[in-house]
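In: let me see the structure of the following:
(one chain, ligands or ions: 1)
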Amino acid sequence: MPHRRITITHFLISEQRRLNRTGHFTTLVNDIVTACKMISHEVNRGALAGNLGLAGSENIQGEDQKKLDVLANDLFMHMNTFGGNYVGMASEEIDDVHVISEDTHNDYLLLFDPLDGSSNIDVNIGVGTIFSVLRAPAGVDEPQAVDFLQPGVRQVAAGYATYGSSTMLVMTTGRGVNGFTLDQNVGEFILTHPDMRIPAATNEFSVNTSRSRHWDPAISRYVDECLAGKEGPRGKNFNMRWVGSMVADVHRILCRGGAFLYPTDAENEKKGGKLRLMYEANPMAFLVEQAGGAASTGRQRIMDMQPNALHQRCGVVLGSSEEVQRIEAYYRELDGIAPREAAE
Ligand code: P6P
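Out: The predicted structure follows:
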């Protein structure tokens, strides 16, 4: 019933009232929402707007920037600057932190990957925006990179927009995970996926198998057992999905369960892994844990990691809790660490 629909603004206001919040948080999220609507519009226009292809520049990761990477980054920074909610921002697309000197009445830090999975843009595969919100240390008006280096457990909000067959925004403020679908006619995000939960068990895993020759034995063992199917030690068949866009793969897991693996391996361990801790792994870990799943490097909980660099990378194993626990047990065996006592 359209007249019973709950917009994301109404949802945030009801949360604000329930938690007796000041309302700053609602404006903070609303600025992010507006930015995601604008990026969705640009992504959806694709080739028609001349937005595809390379920008002719590189980011700090040494990656060629797509035109839409730069456009999405500029849009996200601009739309989140004037609300006065942040004293600083950090983006995958900019080397150092961006200090917001305009009149800010709030003390939050915004970290984001403006367009994750952008290698898929030119072939029309789903991409997304990932964001994470931290509190600035007390009294810090001009934050430095060190002020952003907080473990993931300190996040006050996290989420993503996925620009797929529909545009959705999925977020958490620490009280569960809720998904909103953009009604393109009205221009509003509507609550369509309340209280998203990840099943503990799954029969679907997600990994780039072209990297199997580099994997640790713990990962090889897990994947081989999935591939062995019903006749193997798992006693059931598995399906595999790999979109190559973290937002799309994690969204699928939030909708129906699964295990997402991008571990450190013999080839990428010098860089610390592939995915970035502060604006990819941590926000996704917050969402996954809030939905009842687990998020680990394989050897430690991602959100417990103490960051030491703004763009540092880490291994990622996340999704259905039973699968993550299994992989962690395989790493403990690999490392000669005694198995944990079964939970009481
Ligand atoms: P690969 C996209 O570039 C990204 O950062 C994630 O969104 C995605 O999960 C991963 O890299 C894909 O990596 O090595 O399969 O291209």
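
In: got phi/psi on I39?
Out: For I39, the backbone dihedrals (degrees, to the nearest 10) come out as phi -70, psi -40.

In: for it, give me its contacts.
Out: 71-72, 75-76, 114-115, 129, 161, 163 (CB atoms under 8 Å, 6 or more residues apart in numbering). To be clear about C-beta, it is placed using only N, CA and C from the backbone, and glycine gets the same treatment.

In: out of those, which comes closest to the ligand?
Out: Closest approach to the ligand among the contacts of I39 (CB to the nearest ligand atom): L115, at 9.5 Å.

In: you'd agree that closest one is in a strand?
Out: Yes - secondary structure of L115 (DSSP: H, G, I helix; E, B strand; the rest coil): part of a strand.

In: residue ranges in this structure under the pLDDT threshold?
Out: 1-3, 102, 342-344 (pLDDT under 70).

In: care to break it down by domain?
Out: 2-193, 204-343 (automatic domain parsing).

In: closest to the ligand out of these?
Out: Nearest of the domains of the chain (CB to the nearest ligand atom): domain 204-343, 3.3 Å.

In: give me the distance from that closest one to the chain's centre.
Out: Centre-to-centre, domain 204-343 and its host chain are 14 Å apart (CA atoms, centre = their mean, to the nearest Å).

In: report whether that domain contacts the ligand.
Out: Yes - counting by CB under 6 Å from any ligand atom, the ligand has neighbours in domain 204-343: 208, 244-246, 262, 274-275.

In: quick one: the residue lying farthest from the centre of the chain and Y86, what's the gap?
Out: Distance from the C-alpha centroid of the chain, by CA atoms, centre = their mean, peaks at E231 (34.8 Å). E231 sits 54 Å away from Y86, going by CB to CB, to the nearest Å.

In: element containing the most centrally placed residue in the chain?
Out: With distances taken as CA atoms, centre = their mean, M284 lies nearest the centre of the chain, 3.5 Å away. M284 is part of helix 282-290, with elements assigned from DSSP states H and E.

In: mind listing what the residue nearest to E267 when sequence neighbours are not counted touches?
Out: Nearest non-adjacent residue to E267, counting by CB to CB, 6 or more residues apart in numbering: H214, 4.3 Å away. By CB under 8 Å, 6+ apart, the contact set of H214 is 265-268.

In: buried among these? Need that as a selection in ChimeraX.
Out: Buried residues within these, by 16 or more other CB atoms under 10 Å, are selected in ChimeraX with:
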select :265,268
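
In: what's the farthest-apart pair in the contacts of H214?
Out: A266 and N268 (8.1 Å; CB to CB).

In: where do the helices of the stretch 201-344 of the chain begin and end?
Out: Ranges of helices in the stretch 201-344 of the chain, per DSSP state H, counting those that start in this stretch, are 217-228, 246-256, 282-290, 321-334.

In: what's the closest of these to D95?
Out: helix 282-290 (19.4 Å).

In: hey, C-alpha coordinates of the closest one in CSV?
Out: Provided in CSV are the C-alpha atoms of helix 282-290 (Å, rounded to 0.1, in the frame of the first residue of the first chain):
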residue,chain,number,x,y,z
ASN,A,282,35.2,-2.1,8.3
PRO,A,283,31.8,-0.7,7.1
MET,A,284,30.9,-4.1,5.5
ALA,A,285,32.0,-5.9,8.7
PHE,A,286,29.7,-3.6,10.8
LEU,A,287,26.7,-4.3,8.5
VAL,A,288,27.4,-8.1,8.4
GLU,A,289,27.8,-8.4,12.2
GLN,A,290,24.7,-6.3,12.8
